[in-house]
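Engineer: Fold the following, please.
(2 chains)
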Number of protein chains: 2
Amino acid sequence: MFSAVPVILAVLTLMAVQATIDCNDHGVFYQEEASLGVTTCACYQCYDGDHCETLLPNCSLETRVAEAAIFEAWFDQVQADLSVTIGPDYHLSYLKAPRTFPPNADPSGYDEISLLLNASIHRLHGKVNNVDTTGMTLVLGAGGVQLIDAALYALTQRNNKQTYMHVYTQPPFYPHFEQASNVNPLTNFTHTLAGIAPGSVIEVLTTPNNPDNRAKQPVVKGSAAQITDLVYYWPHYTSATPKRNDDLMIFSLSKLSGYAASRLGWAFVRDPDVSNKHEYC
Amino acid sequence: MFSAVPVILAVLTLMAVQATIDCNDHGVFYQEEASLGVTTCACYQCYDGDHCETLLPNCSLETRVAEAAIFEAWFDQVQADLSVTIGPDYHLSYLKAPRTFPPNADPSGYDEISLLLNASIHRLHGKVNNVDTTGMTLVLGAGGVQLIDAALYALTQRNNKQTYMHVYTQPPFYPHFEQASNVNPLTNFTHTLAGIAPGSVIEVLTTPNNPDNRAKQPVVKGSAAQITDLVYYWPHYTSATPKRNDDLMIFSLSKLSGYAASRLGWAFVRDPDVSNKHEYC
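Structural biologist: Alright, predicted model coming up:
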């Protein structure tokens, strides 16, 4: 009955085919779609045509759609071999999720990849100098979005704290905060602070802000908690000073590197009660 | 500031190094750990030594730990090229998640990978003949576990149905059902049916069962819903007859292929109200 296995795995191998088509810098030609017979570019918004050669008149942009191609030119010319080959003998069994690192964690209990990730992330922030990680627990996740969901969950599960929370962020904001807050039965997203006790509010602060790049300041005095989304707080986007020292700070490889399809995010969390609860999510 | 990018990406490229060490069929030598300087095998439970050459005396197995290496011998000898190479020019932007397919979905609205996955999964079940997909919506996810979480969420969100549910499955059972039920604030896992109204129970039926391979039958008459975990319902594990026709059936590539590190699962869902709610999870 093994003949069934390659039927599915063949989907994955199709992605290895190489091909390029000129999209006039207004779109992307995806190689995995070329393998499936697609011969036209996927155009950015407001461009059309097989090669995205046509600028549409009177076109409005939907700013909630992320097209993270900002560093494509860098990746196109990089000389270092950044390629990854995964063979059928690579890793059949489950991959361990990288582990959480409390301050002063004993390294002897960790696998090598978790240790390397922890060291690389701290080394990176040490060079860039954009965050003070003293006393913080490093939490690793599958991208910033997973860490947002985990933070919303963890902040409703603290010992001796109320469980039901409102989530607020100043507009304009990244829409996942509203979606995630409303999917979680213990949180709801609110567009106003009127009539809401500050102590029942989780404030989300994205700085610099998505989508308008503004340096945001918190507005809720005495909030229950703050989630600081720092995925753009890097010197190639903004000044990235001073060093941030917030209670729960989220970063992602997607935004740092411009390689959005990579799925690695991390958070620095001050309260051990909160970082522990991330693990259940 | 781009020098920071390769620091992190280098973690990924390390995985491409090739090396093998003999683990005496009692463990695995992981190539990504070799790249990090590890020179010893990761032994299965009850085996020890650099090459897993020692069977430990009086050793108890923890059956909740999955070591999905059952088909390793097949992957070691397969001649077809199943390898995947991901280069720095592969896909910088976000990858679209494969989409949900209601019965008689209009293919014109779908991307090529979603179409191919839908066709391949239906073709596979058509050849194996283990499930009746008539009238079912195909829901795609990142592995069976994500689909379990999504199903528990979706079943508490149906129109005109109660939202708080108990989750029950006959012992012994795969422990994620208990963990996932207790993380979701709208479900709780119960070890007994005494004193619980059947109409407030989601029954989980894993058949053949994990961990004891038993063909299970449902025991709750008039339950609110049933999740049927069919990840082992394939002819290389069991007879896989008759065709299953349950309301919510979960499959995964990990268990089908023995390639556990792959993260692709799918569910067939009868009620459009339930399949629609999966998309929010």
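
Engineer: List the buried residues of the helix ranked longest in chain A.
Structural biologist: Looking across chain A with DSSP state H, the single longest helix is helix A:112-128. Judged by neighbour count (16 or more other C-beta atoms under 10 Å in any protein chain shown), helix A:112-128 contains these buried residues: A:112-118, A:120-121, A:124-125, A:128. For every residue, glycine as well, the C-beta is placed using N, CA and C.

Engineer: what's the answer for stretch A:194-201, then?
Structural biologist: residue A:201.

Engineer: Show me the shaky parts of chain A.
Structural biologist: For chain A, applying pLDDT under 70 flags the ranges A:1-19, A:64-68, A:280-281.

Engineer: Which parts of it are strands?
Structural biologist: Using DSSP state E, the strands of chain A run over A:27-28, A:42-43, A:47-48, A:54-55, A:84-86, A:137-141, A:165-168, A:187-189, A:201-206, A:225-229, A:248-252, A:265-269.

Engineer: Now tabulate those strands in TSV and tack on distance to residue B:101.
Structural biologist: TSV is the format used below for those (distance: least, C-beta to C-beta, whole Å):
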stretch	distance to residue B:101
strand A:27-28	25
strand A:42-43	21
strand A:47-48	27
strand A:54-55	32
strand A:84-86	27
strand A:137-141	29
strand A:165-168	32
strand A:187-189	30
strand A:201-206	34
strand A:225-229	33
strand A:248-252	30
strand A:265-269	29
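
Engineer: closest to chain B out of those strands?
Structural biologist: Ranking these by proximity to chain B (C-beta to the nearest C-beta) places strand A:84-86 first, at 4.5 Å.

Engineer: Give me the helices and strands touching the closest one, please.
Structural biologist: Under the contact criterion of 3 or more C-beta pairs under 8 Å, 6 or more residues apart in numbering or on different chains; DSSP states H and E, strand A:84-86 touches strand B:84-86.

Engineer: list the buried ones in the strand it packs on?
Structural biologist: Buried residues in strand B:84-86, counted by 16+ other C-beta under 10 Å: B:84, B:86.

Engineer: what's the answer for stretch A:180-189, then?
Structural biologist: For stretch A:180-189, the buried set under the neighbour-count rule, 16+ other C-beta under 10 Å, comprises A:180-181, A:183-187, A:189.

Engineer: Now residue A:86: closest residue in space that isn't a chain neighbour?
Structural biologist: In this structure, residue A:86 finds its nearest non-sequential neighbour in residue B:84, 4.8 Å apart by C-beta to C-beta, 6 or more residues apart in numbering or on different chains.

Engineer: ditto for residue A:83
Structural biologist: Nearest residue to residue A:83, sequence neighbours excluded (C-beta to C-beta, 6+ apart): residue B:87, at 4.4 Å.

Engineer: Distance check, residue A:101 against residue B:36.
Structural biologist: Using C-beta to C-beta, to the nearest Å, residue A:101 is found at 16 Å from residue B:36.

Engineer: Looking at these two now, which is surrounded by more residues?
Structural biologist: When neighbours are counted by other C-beta atoms under 10 Å in any protein chain shown, residue A:101 comes out ahead of the other of residue A:101 and residue B:36, with 24 against 16.

Engineer: Contact partners for that one?
Structural biologist: Residue A:101 makes contacts with A:110, A:114, A:118, A:137-138, as judged by C-beta atoms under 8 Å, 6 or more residues apart in numbering or on different chains.

Engineer: List the neighbours of stretch A:274-281 that are in contact with it.
Structural biologist: With contacts defined as C-beta under 8 Å, 6+ apart, stretch A:274-281 is touched by A:100, A:102, A:137, A:139, A:141, A:146-147, A:149-151, A:153-155, A:157-158, A:225, A:248, A:267, A:269, B:179, B:183.

Engineer: do that again at 10 Å, thanks
Structural biologist: Contacts to stretch A:274-281, defined as C-beta atoms under 10 Å, 6 or more residues apart in numbering or on different chains, come from residues A:97, A:99-102, A:136-141, A:146-147, A:149-159, A:161, A:184, A:225, A:247-248, A:267-269, A:271, B:149, B:179-180, B:182-183.

Engineer: again with stretch A:155-165
Structural biologist: By C-beta under 10 Å, 6+ apart, the list of residues contacting stretch A:155-165 from outside reads A:152, A:167, A:181, A:184-188, A:190, A:197, A:199-202, A:223-227, A:247-248, A:271, A:273-274, A:276-278, A:280-281, B:183, B:185.

Engineer: That's all I had, so thanks and see you.
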